[in-house]
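> What follows is a predicted structure for the sequence shown.
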Amino acid sequence: MAILIFLLWMILNGRITLELVLFGIGISVLVSLFAYRVIGYSVKSDLLILRNLPVFFLYLVVLIWEILKAAWIVMRMVYQADEPDPVIVEFHSGFHTNLQNVLLANSITLTPGTITVFQEDDHFVIHCLRREYADGIEHSVFAEILSKIKF
């Protein structure tokens, strides 16, 4: 974490001088200590993120693709004046971590045509603009990728 903060410091400054490097090291260490003590961040968290980086990258690519597909479908529905057939769906994701559940909830909300109305632990309540959007939502591609995260 401290290395990433230092790199960000150097990139944002746009130049390299001894003064900026020394201040950057000091500030990076202080921000990292703050994160470790106050927020509860740890080296174990860093290693967890690094170990799952390919999964997170795949997830980001799939999320962008699904957003584009859903936006096209909703846009077509609006321009063709199709009547929405809204439905509310409840399901349990089966995930045991907050990270997986929150990522799933936010991904559903980011995808046009669906909104996460309520999420507590692994219980989800989702509003779908059309009934076919609700088909298989609990076994979506998002849930499939999130299940590959290793803890």
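Right, received. Where do you want to start?
> residues in contact with residue 125?
The contact partners of residue 125, by CB atoms under 8 Å, 6 or more residues apart in numbering, come to 88, 89, 90, 116, 117, 118, 119. Bear in mind the C-beta positions are built from the backbone N, C-alpha and C, glycine included.
> again, 10 Å this time
88, 89, 90, 91, 105, 115, 116, 117, 118, 119 (CB atoms under 10 Å, 6 or more residues apart in numbering).
> now residue 49
By CB under 10 Å, 6+ apart, the contact set of residue 49 is 1, 56.
> how about 8 Å then?
residue 56.
> Nearest spatial neighbour of residue 76, chain-adjacent residues omitted?
residue 82 (8.0 Å; CB to CB, 6 or more residues apart in numbering).
> Next: residue 97.
Counting by CB to CB, 6+ apart, the residue nearest residue 97 is residue 151, at 6.6 Å.
> if we can go back for a sec, among the contacts of residue 125, who's most crowded?
residue 105 (21 neighbours; other CB atoms under 10 Å).
> now that one: how far from residue 124?
Distance of residue 105 to residue 124, computed by CB to CB, to the nearest Å: 7 Å.
> Overlap of the contact sets of those two?
Between them, residue 105 and residue 124 share the contacting residues residue 116, judged by CB under 8 Å, 6+ apart.
> Flag every buried residue along the helix or strand containing residue 22.
Secondary structure here is read from DSSP states H and E; on that basis residue 22 sits in helix 18-34. For helix 18-34, burial by neighbour count (16 or more other CB atoms under 10 Å) applies to 24, 28, 31, 32.
> Need the nearest residue in space to the last one, chain neighbours excluded.
The one in question is residue 32. With sequence-adjacent residues excluded and distances taken as CB to CB, 6+ apart, residue 32 is closest to residue 2, at 4.1 Å.
> how many neighbours does the one you found have?
Other residues close to residue 2 by other CB under 10 Å number 17.
> Now do the residue of the chain most remote from its centre against residue 86, distance only.
If you look at how far each residue of the chain sits from its centre, by CA atoms, centre = their mean, the farthest one is residue 18, at 37.2 Å. Note on residue 18: its distance to residue 86, by CB to CB, is 62 Å.
> got it, and residue 31?
To residue 86, residue 31 is 45 Å away according to CB to CB.
> Residue 73 too?
For residue 73, the distance to residue 86 - CB to CB - is 15 Å.
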